[in-house]
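Enquirer: Generate coordinates for the sequence data below:
(chains A and B)
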There are 2 protein chains.
Amino acid sequence: MELEFIEWLHEHVPSDPRARLGLTDDAAIISLAGRDEIVVTTDLLTDAVDFQLGKHEPHRIGQQALGANLSDLAAMAAKPVAAFISLALPRGGGANLSALELAINLYEGLLPLAAEYDIAIAGGDTNTYDGPLVLSVTALGLATGRGPLTRAGGLPGDWLLVTGSLGGSILGHMLDFTPRVREALLLRDRYNLHAGIDISDGLALDASRLSNASGCGAVIYLDHVPVSRDAVRLAENDGAEDVSAVALQHALGDGQDFELLLAAPPDVAQAILHEHPIECPVTHVGELIKQPGLWKRTDRGDLQPLEATGWRHS
Amino acid sequence: MELEFIEWLHEHVPSDPRARLGLTDDAAIISLAGRDEIVVTTDLLTDAVDFQLGKHEPHRIGQQALGANLSDLAAMAAKPVAAFISLALPRGGGANLSALELAINLYEGLLPLAAEYDIAIAGGDTNTYDGPLVLSVTALGLATGRGPLTRAGGLPGDWLLVTGSLGGSILGHMLDFTPRVREALLLRDRYNLHAGIDISDGLALDASRLSNASGCGAVIYLDHVPVSRDAVRLAENDGAEDVSAVALQHALGDGQDFELLLAAPPDVAQAILHEHPIECPVTHVGELIKQPGLWKRTDRGDLQPLEATGWRHS
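Expert: So this is what the prediction gives:
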């Protein structure tokens, strides 16, 4: 339903000179009197969809909710400023905790992350009701000197770089990931990046989003995709015959990796790969091409269509 | 539970020079590099607590959700800039509408309000899940030349002025109110206001919040309180013996009036009352005094303690 609704929004929500990209990118860019460029992102997480209360500890759920927003700020290379946390708590609490204890546990997960990434917890709204746990986090960031990084701006020939490794986040990474805030700010400051997105819905889908927004196509080098150990573990748990093929599918399609996918001209990308400016691995995972669509380059070197099988929000 | 949780927040959420008032006032004030002062407010509304899906039409619920945030911006005399709308929709929809239709109906209520008050709908997050309808709206405003109006800043001797009439919002006003954005901006610009709050939880409770934040007490002149027709209707429906006494209780304690309560020096307040600068009624409803606490002045002129019986969020 989300895609249909987004289409409706595009037709019915008027454009406004003060705000751009909010309906399409990882975050909106708000321009105030031509001075500050404020980046605003918001995520709503619900029990049994984004996490499972009872299975996942509340402090990890709190951490996840703030982390997802920090990842969106990172995608636009915005410096975190302030976050607003709204909670709809089951009246009777959950996970053997009262509503109050649940709220405190959620905060105990997100406060250390807020401290680590220097974002002020600036407000929110806490309510109890007869329903499952819902968290809504809105985060504000400030664009740095080069302005916000967006999905658009990639050019044919750009290399696609990805941080970390991908897939299998359901085994735990989706709750405990490292939002790539420092990495994004450093790379944005030091290198001429063309476009960026965080991988929240799978490499394939998010690569196609970046290339679409940039008005070109994307090729993924299947044999370069950094497959995470969890993706392999998941493939093994599945009892897959061809474990590495199934693990690759997880790396391409699983949601909630929260890694960065960046487009940069080849010389810039090579410099990043050569200079190791950030601690986490960076992998050359594909390129942008003129021809629209999403493509895979097999190890034999030919291009075939690649389905954008990412995790779409329901 | 909310009060206990707010205490916990005060003890555990570190203060931050970039953000102030978010945990106590109607909205947070975010200062960016000492330039813009951005006012941010967020409200989360849930089915069966803030509205009743099935009884209230979805477009009115959407209108209410954005309106409550506009009222918070008005309380701080901030010019609306951008709003972010997040929805947790029951997977099967509600009120005989599919989830998609429900989302569209909610937007059809809030988009005209957004146009009227010149606020950009700049983003959001829409999800379906197995739970009741939840709306989370975050709104950004920009402080005007005199800076944001806050609850603090009132002085003993200040007159308390209230816009509109109070009580009985449950009969419909809670969904269809006029956020006092224009009134707040005009009054802030033209007069030396000391403090302000929007009446979202009842005159008594919100007056005590304003006076507490200002470090003084408040007296309400019971015979001056502008009692709404709906408060009277509600008292009549209750079968009250003393209709006007019960209607007054509604005016003092009912939530969701979304009127402004302002503190201003007597000469300024008199000028406002004399000059009628705004279209809606303005009533001199009390004053701030040195002695802490909330007081009522009866028609015989003596002061007695007044209970702050407002609608507290559960």
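
Enquirer: Around chain B, pick out the residues from the stretch 51-200 of chain A.
Expert: Counting by Cβ under 8 Å from any Cβ of the partner chain, the residues of the stretch 51-200 of chain A close to chain B are A:81-82, A:84, A:86-88, A:91, A:98-100, A:103-104, A:107, A:111, A:115, A:120-132, A:134, A:136, A:138, A:140, A:142. Where C-beta positions appear, they are placed from N, C-alpha and C, glycine not excepted.

Enquirer: Restricted to strands, list those.
Expert: The members of these that map onto strands under DSSP state E are A:81-82, A:84, A:86-88, A:120-129, A:134, A:136, A:138, A:140, A:142.

Enquirer: can you pull the contacts of A:Leu155?
Expert: If a contact means Cβ atoms under 8 Å, 6 or more residues apart in numbering or on different chains, then A:Leu155 has A:His194, A:Ser214, A:Cys216, A:Ala263, A:Pro265, A:Leu288 as its contacts.

Enquirer: Could you verify my assumption that the third one touches A:Lys290?
Expert: Yes. With contact taken as Cβ atoms under 8 Å, A:Cys216 and A:Lys290 are classed as touching, separated by 5.9 Å.

Enquirer: Neighbour count for those two, which is higher?
Expert: A:Cys216 (22 against 10; other Cβ atoms under 10 Å in any protein chain shown).

Enquirer: Spit out the contact partners of that one.
Expert: By Cβ under 8 Å, 6+ apart, A:Cys216 lies in contact with A:Gly154, A:Leu155, A:Pro156, A:Leu288, A:Ile289, A:Lys290, A:Gln291, A:Pro292.

Enquirer: One more pass at 10 Å, please.
Expert: Residues in contact with A:Cys216, defined by Cβ atoms under 10 Å, 6 or more residues apart in numbering or on different chains, are A:154-158, A:195, A:210, A:263, A:287-293.

Enquirer: ok, now A:Ala83?
Expert: By Cβ under 10 Å, 6+ apart, the residues touching A:Ala83 are A:41, A:65-66, A:69-70, A:73, A:110, A:113-114, A:117, A:119-124, A:137-141, B:19, B:22.

Enquirer: got it, and A:Arg146?
Expert: A:Ala77, A:Arg188, A:Asp189, A:Tyr191, A:Asn192, A:Leu193.

Enquirer: go with 7 Å
Expert: A:Arg146 sits next to A:Arg188 when contact means Cβ atoms under 7 Å, 6 or more residues apart in numbering or on different chains.

Enquirer: Please determine how far it is located from A:Asp189.
Expert: 7 Å (Cβ to Cβ, to the nearest Å).

Enquirer: swap in A:His12?
Expert: Per Cβ to Cβ, A:His12 is found 38 Å from A:Asp189.

Enquirer: Mind giving me the packing neighbours of the lowest-mean-pLDDT helix or strand in chain A?
Expert: Within chain A, no helix or strand scores below strand A:19-20, which has a mean of 76 by mean pLDDT, DSSP states H and E. Applying 3 or more Cβ pairs under 7 Å, 6 or more residues apart in numbering or on different chains; DSSP states H and E, one finds that strand A:19-20 makes contact with strand A:28-31.

Enquirer: Parallel or antiparallel, list what pairs with the strand it packs on.
Expert: Pairing partners of strand A:28-31, with direction, according to DSSP bridges: strand A:19-20 (antiparallel), strand A:37-46 (antiparallel).

Enquirer: want to try TSV for those strands, with distance to B:Ile30 and mean neighbour count as columns?
Expert: Converted to TSV, those look like this (distance: least, Cβ to Cβ, whole Å; neighbours: other Cβ atoms under 10 Å in any protein chain shown):
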stretch	distance to B:Ile30	mean neighbour count
strand A:19-20	16	22
strand A:37-46	9	26
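
Enquirer: Considering those strands, which stretch scores lowest in mean pLDDT?
Expert: Among the strands paired with strand A:28-31, strand A:19-20 carries the lowest mean pLDDT, at a mean of 76.

Enquirer: Thank you kindly, that will do.
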